[in-house]
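> let's see this in three dimensions:
(2 chains)
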Number of protein chains: 2
Amino acid sequence: MSTIVSVDTSDIRFPTSLQLDGSDAMNPDPDYSAAYVRLVTDAEDGHDGHGFVFTIGRGNDVQTAAIDALAPFLLGRDVESLLADMGAVWRELVWDSQLRWLGPEKGVMHMAIGAVVNALWDLKAKRAGLPLWQLLARMTPEEIVDLVDFRYLSDALTREEALDLLRAAEPGRAEREAALFADGYPAYTTTPGWLGYSDEKLERLCHEAVADGFSQIKLKVGGDLDDDIRRLRIAREAVGPDIRIAVDANQRWDVGSAIEWMSHLAEFDIAWIEEPTNPDDVLAHAAIARGVAPIPVATGEHGGGRVMFKQMLQAEALQVLQIDATRVAGVNENIAILLLAAKFGVRVCPHAGGVGLCEAVQHLSMFDFVAVSGTREGRMIEYVNHLHEHFATPTDVRDGVYRAPLAPGNGMEMLAASREEHTFRGEFALRG
Amino acid sequence: MSTIVSVDTSDIRFPTSLQLDGSDAMNPDPDYSAAYVRLVTDAEDGHDGHGFVFTIGRGNDVQTAAIDALAPFLLGRDVESLLADMGAVWRELVWDSQLRWLGPEKGVMHMAIGAVVNALWDLKAKRAGLPLWQLLARMTPEEIVDLVDFRYLSDALTREEALDLLRAAEPGRAEREAALFADGYPAYTTTPGWLGYSDEKLERLCHEAVADGFSQIKLKVGGDLDDDIRRLRIAREAVGPDIRIAVDANQRWDVGSAIEWMSHLAEFDIAWIEEPTNPDDVLAHAAIARGVAPIPVATGEHGGGRVMFKQMLQAEALQVLQIDATRVAGVNENIAILLLAAKFGVRVCPHAGGVGLCEAVQHLSMFDFVAVSGTREGRMIEYVNHLHEHFATPTDVRDGVYRAPLAPGNGMEMLAASREEHTFRGEFALRG
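Numbers count the residues shown, from 1 in each chain, chains lettered A, B, ... in the order given. Here you go, the predicted model:
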C-alpha cells in the first residue's frame, strides 16, 4: 500500500525566442516551456511519476494552475488501485462534470489531465521496471481496450473492432520488439527549417541532416511565397532528389489560399503539407486534401482530442496523422487515436520537438508498431535537436532513427537541476 | 485620455448543487460560478467594464487565473484607442502566438479572452450611454465587419458577403428597434425541466410556465429512457398541445443511441433535440440530424468557436444555432457566428441560464434582430429564473418575452455586494 503524498507543479520556461529556434509563420518567438508535474508517493521504492504539458511561453502559469486544480483528485489516493485501472482514472478526470465544462475535452483543462495521466503512467512504468512502450506493448488486447473511452467513437470504432485490431496484431509482437531493438524507429528532422534562419544556415543544416542519416526534413512555410520558393530550392539542391521534404504552414491559410500557395510549391516534390489551416477545421482540411492531392495533408499537433481525430479520419481530411504526447489527455487518449488510425489505415507520424516531446512520444510510436498497427511503413517521428540535455533519459537518435529507450518510465522526467534552474521567475518579453 | 489602472478578478461561486437546480444527464451537481473581471480606469466618469466566464464550479479558479494572465495586455493601455478599434483588440489577444498555443481558439484561454473583450464592450457601451445591443445595432455595416476576423471563415463567409448581409438589413433598423421596445424578444423557459426535480415539481412548474406566458419549455433528457417518457407525458399533458417542448441531452449519446432514443420521444412533438452528442462532433451531429428529422438538432453552448460553428452550418449539422455569451471570445466572435447563421439562413436561439447568461446574451439576439438577420421568426432566448437578483440590471422577462434592456452596458455587471459575498473561499464538495 502506498499513497500519493504530493503533487508538485513547476512553471518551467526556456528563453528559446532569443535564438529564433522554433520560429514559424505563426509562432515568431516561442519560449519553449513545460507546465510540469511530479507525483510523489510514500512508497519506499523512490519512484516518482513525471509528466508535463508543453507550451510556448506566456500562459504556462495558467496551464500549471490547471494541473494544480487536479491535486485534490490525487492526494491521499491509493497508488496501487489507481495504477491498476488507468482507464478508470482517465474517466474520473475527463468526466468530472464541473471540470468538463471548461472544455469539454479540449484546451487547458484537458491538457492538464494529460499531464497527470502521463505522470501516473510514468510511475506505473517505473514500478514495472519497463520503458512505457514496452509496458503497453505487453498488455493484452483486453487490457488495452479497457484504457480507452469509446463514448463518441462508436460511429467509427467500437470496442469490439478495437479488440479485433489488437488481436490481429498479437502474432509477431516479439519479432517487432526485436526489430525495434535492432533498427530503431525512423526519425525526420525539422532542425534545418525554421523560418527565422538565414539561407546559409538553412543550407548548412540541410547538408548536416543528410550527413546525419535522415531521409526526410521539414521546412516551415507560409510567411512569404517568394521566400518559400527560394528556401525550398536551396533545400532541394542541398539534400538531392532522394531525401523527402515536408512543409509546415502552422495554420497560416484558409482553404483557397492553401490550395493556391501549395500549387507553387508542388514542383519541389513535397512529402506532406502540415497544418495548412485551423487545426479544428475538419471540412477545410478535407477540401484542402482534395485540392492539393497527391500531396498528403498532415495535422494533429493541435488536434483537440479523440473526437476531432475521429472526424479527420471519417472525412479523409488527413493522410498523415500527427499525435502529440501532451496535447490530449495522456497515454489513454493517444491509444484511442492510434486505434482509430489503424482502423482507417492511416499512418501516424508524431509531432515532437519542443521540450521533451521527442522523449515522450517515441514510446507511443513504438507501442503502435509492436502492438497496434504492426508497421513502420511510411511512418517516422519528428526530431529536433533542442533541449534534450535537460532530461533524465534523453532520446538516442542516431543514423536517422530513434533507438528504442530502455530506461523505465515514460521519458518525461526532467533533471531536477534543470527544473530548478529554469523555473520561471518573471521577465521575458510580453510580446514579440 | 484615460488608462486601464486595474484588472480585478474574482472567483465567484454559488452553491446551486444543494437544490439540484441545473441538474442534467451530464451535470448532476453544478455550482453556478463566474470567473469575473472588472476593468478599472482612471477616467472621472466612474465607469468600469465588467465581464465574466460562466462555469459550473471546480476549475473556476483556473478560469480566473487565465483572465489574470491577460492583465499585462491591458494595464496601462489607453482606453480610448482600445475602445476605438475593438477588432484590433480581439486580434491582438486571440492571435498572441504564445497564448494561442493553449487552444487555439478554444477552452480556458479562449474563454478568458472572451471575458476581457466583453468587459471592454461593457465599458464602451457605458461610455456611450447605451445598452450594448443598441450600441452595436447603430454601428455601420463597415464598422461591424471590422469587428470580425474572417480568417478561416472565407470558405463559408467573406467580408464582402457579410457587408452585403448587413447592408440588406439596414432598411428597417428603426422599425425593428421600435418593435423590440413594443414587443420584446421571445423567451423560452428551462425552469421546469431539470432532471433532479420530482414529477410533482415538474408538473407544477409546467403549469407555471404556461401561466407565465412562455410558448416553449425545455426538459432535460438522456438519463433513463423510461423516466424521459414519463416526464414528457407529464409535461405534455400539463402544457397542452400548443406549447412547444424541446429536449436537451447535454452530450449524453453517440450517433446510434441518439437516433434510437429520440425515436421513442418523437410522439411528444419535440421542438428540438439539444446537444445530442459531443459538442465538437460536426459529423455526428450531421448524422443525427439526418436520423431524427424532422426534429431539429440544436447545439452551440459548448461550441469551441467560430470555426466549429462554421462547420456545423456547412455540414447541415444543426437547425437551431445556440450561441453563448461567455463560451467564445466575446462579442466580436459572437457577431461572426451571427453573420454565419444569417448567411446559412439558420435561426439562432441562445443558450442562457447559469449565472448572468440571460443578462448578457439578450443583447446579442436583439442586435441580431435589428441589424443582422432582421427577424425574430422561430427565434427565442433561453430563460431560467435563477440568480438574477445578483445583477445590477437584471433581465426583465414578462409574458414570455425579454423586455429590451435600457441601461447602458452589456448586462454583465454583478452587484458589488454579491461579488463580495460569493467570492469562493474553499469547501463545497470535491465530487458529487
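
> OK, contacts around the closest residue to chain B within the stretch 101-250 of chain A?
Using C-beta to the nearest C-beta, the closest approach of the stretch 101-250 of chain A to chain B is made by residue A:107 at 1.4 Å. In short, each C-beta sits where N, CA and C put it, glycine included. With contact set as C-beta atoms under 8 Å, 6 or more residues apart in numbering or on different chains, residue A:107 has these partners: A:304, B:102, B:103, B:106, B:107, B:108, B:109, B:110.

> ok, now with 7 Å
By C-beta atoms under 7 Å, 6 or more residues apart in numbering or on different chains, the contact set of residue A:107 is B:102, B:103, B:106, B:107, B:108, B:109, B:110.

> where along the stretch 151-300 of chain A do the helices fall?
For the stretch 151-300 of chain A, applying DSSP state H, counting those that start in this stretch gives helices covering A:159-168, A:173-183, A:199-211, A:225-239, A:255-265, A:282-292.

> tell me the secondary structure for residue A:5?
Three-state call for residue A:5 (DSSP: H, G, I helix; E, B strand; the rest coil): strand.

> list the contacts for it?
A:40, A:41, A:42.

> list only buried entries from the residues you listed.
Neighbour counting with 16 or more other C-beta atoms under 10 Å in any protein chain shown marks residue A:41 as buried within the contacts of residue A:5.

> adding secondary structure, pLDDT and distance to chain B as columns, could you present the contacts of residue A:5 in CSV?
Below are those laid out as CSV (DSSP: H, G, I helix; E, B strand; the rest coil; pLDDT from 0 to 100; distance: C-beta to the nearest C-beta, whole Å):
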residue, secondary structure, pLDDT, distance to chain B
A:40, strand, 98, 20
A:41, strand, 98, 20
A:42, coil, 98, 21
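
> from the contacts of residue A:5, pick the one nearest residue A:331.
Nearest to residue A:331 among the contacts of residue A:5: residue A:41, at 18.9 Å, using C-beta to C-beta.

> and residue A:62, how far from residue B:60?
Residue A:62 sits 13 Å away from residue B:60, going by C-beta to C-beta, to the nearest Å.

> and if you look at residue A:110?
In terms of C-beta to C-beta, residue A:110 sits 17 Å off from residue B:60.

> related to what we said a few turns ago, so of the helices of the stretch 151-300 of chain A, which one's packed in deepest?
For the helices of the stretch 151-300 of chain A, the largest average neighbour count (mean count of other C-beta atoms under 10 Å in any protein chain shown) is found in helix A:282-292, namely a mean of 23.

> quick one, that one and helix A:255-265 angle?
Angle of helix A:282-292 versus helix A:255-265, following axes from the mean of the first three to the mean of the last three C-alpha atoms, to 10 degrees, is 30 degrees.

> circling back to that earlier point, pLDDT at the closest residue to the residue of the stretch 101-250 of chain A closest to chain B other than its chain neighbours, what is it?
For residue A:107, ignoring the flanking residues on the chain, the nearest one in space by C-beta to C-beta, 6 or more residues apart in numbering or on different chains is residue B:107 at 1.4 Å. pLDDT recorded at residue B:107 is 97.

> relative to residue B:181, how far out is residue B:107?
38 Å.

> host element of residue A:37?
In the assignment (DSSP states H and E), residue A:37 maps to strand A:33-41.

> after that strand, next one along is what?
strand A:49-55.

> that next one packs against which elements?
strand A:33-41, helix A:107-128 (3 or more C-beta pairs under 7 Å, 6 or more residues apart in numbering or on different chains; DSSP states H and E).

> does the residue nearest the centre of chain A count as helix, strand or coil?
For chain A, the residue sitting closest to the mean C-alpha position, by C-alpha atoms, centre = their mean, is residue A:324 at 2.0 Å. Put simply, residue A:324 is coil when judged by three-state DSSP.

> pretty sure it contacts residue A:349?
No: applying C-beta atoms under 7 Å as the test, residue A:324 and residue A:349 come out as separate, 11.3 Å apart.

> count the neighbours of residue A:337 for me.
Applying other C-beta atoms under 10 Å in any protein chain shown, we find 27 residues neighbouring residue A:337.

> and the pLDDT for it?
pLDDT, residue A:337: 98.

> what does the helix or strand where it lies contact?
Using DSSP H and E, residue A:337 sits in helix A:330-344. Helix A:330-344 has contacts (C-beta under 7 Å, 6+ apart) with A:86-87, A:90, A:113-114, A:117-118, A:121, A:144, A:147-149, A:153, A:156-157, A:161-162, A:165, A:305-306, A:309-310, A:313, A:321, A:323, A:328, A:348, A:364, A:368, A:372-373.

> repeat that for stretch A:224-238.
A:192, A:199, A:202-203, A:206-207, A:217, A:219, A:221, A:245, A:261, A:264-265, A:268.

> hmm, 8 Å instead?
Contacts for stretch A:224-238 (C-beta under 8 Å, 6+ apart): A:192-193, A:199, A:202-203, A:206-207, A:210, A:217, A:219, A:221-222, A:245, A:247, A:261, A:264-265, A:268-269.

> avg pLDDT for it?
For stretch A:224-238, the per-residue pLDDT averages 97.

> CA atoms only: put it into PDB for me.
Provided in PDB are the C-alpha atoms of stretch A:224-238 (Å, rounded to 0.1, in the frame of the first residue of the first chain):
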ATOM      1  CA  ASP A 224       6.100  34.800 -47.900                       C
ATOM      2  CA  LEU A 225       5.700  32.800 -51.100                       C
ATOM      3  CA  ASP A 226       8.800  34.000 -52.800                       C
ATOM      4  CA  ASP A 227      10.800  33.200 -49.600                       C
ATOM      5  CA  ASP A 228       9.300  29.700 -49.500                       C
ATOM      6  CA  ILE A 229      10.200  29.000 -53.100                       C
ATOM      7  CA  ARG A 230      13.800  30.300 -52.700                       C
ATOM      8  CA  ARG A 231      14.200  28.300 -49.400                       C
ATOM      9  CA  LEU A 232      12.700  25.100 -50.900                       C
ATOM     10  CA  ARG A 233      15.100  25.500 -53.900                       C
ATOM     11  CA  ILE A 234      18.000  25.800 -51.600                       C
ATOM     12  CA  ALA A 235      16.900  22.800 -49.500                       C
ATOM     13  CA  ARG A 236      16.100  20.600 -52.500                       C
ATOM     14  CA  GLU A 237      19.500  21.300 -54.100                       C
ATOM     15  CA  ALA A 238      21.200  20.700 -50.800                       C
END
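
> send me the helix holding residue A:337 as PDB with only the CA atoms.
The C-alpha coordinates for helix A:330-344 follow below in PDB (Å, rounded to 0.1, in the frame of the first residue of the first chain):
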ATOM      1  CA  GLY A 330      -2.400  11.500 -22.000                       C
ATOM      2  CA  VAL A 331      -1.500   8.000 -23.000                       C
ATOM      3  CA  ASN A 332      -5.000   6.600 -22.900                       C
ATOM      4  CA  GLU A 333      -6.400   9.100 -25.400                       C
ATOM      5  CA  ASN A 334      -3.400   8.700 -27.700                       C
ATOM      6  CA  ILE A 335      -4.100   4.900 -27.700                       C
ATOM      7  CA  ALA A 336      -7.600   5.700 -28.800                       C
ATOM      8  CA  ILE A 337      -6.200   7.800 -31.600                       C
ATOM      9  CA  LEU A 338      -3.700   5.100 -32.600                       C
ATOM     10  CA  LEU A 339      -6.600   2.600 -32.800                       C
ATOM     11  CA  LEU A 340      -8.700   5.000 -34.900                       C
ATOM     12  CA  ALA A 341      -5.700   5.500 -37.300                       C
ATOM     13  CA  ALA A 342      -5.200   1.700 -37.500                       C
ATOM     14  CA  LYS A 343      -8.900   1.200 -38.200                       C
ATOM     15  CA  PHE A 344      -8.700   3.800 -41.100                       C
END
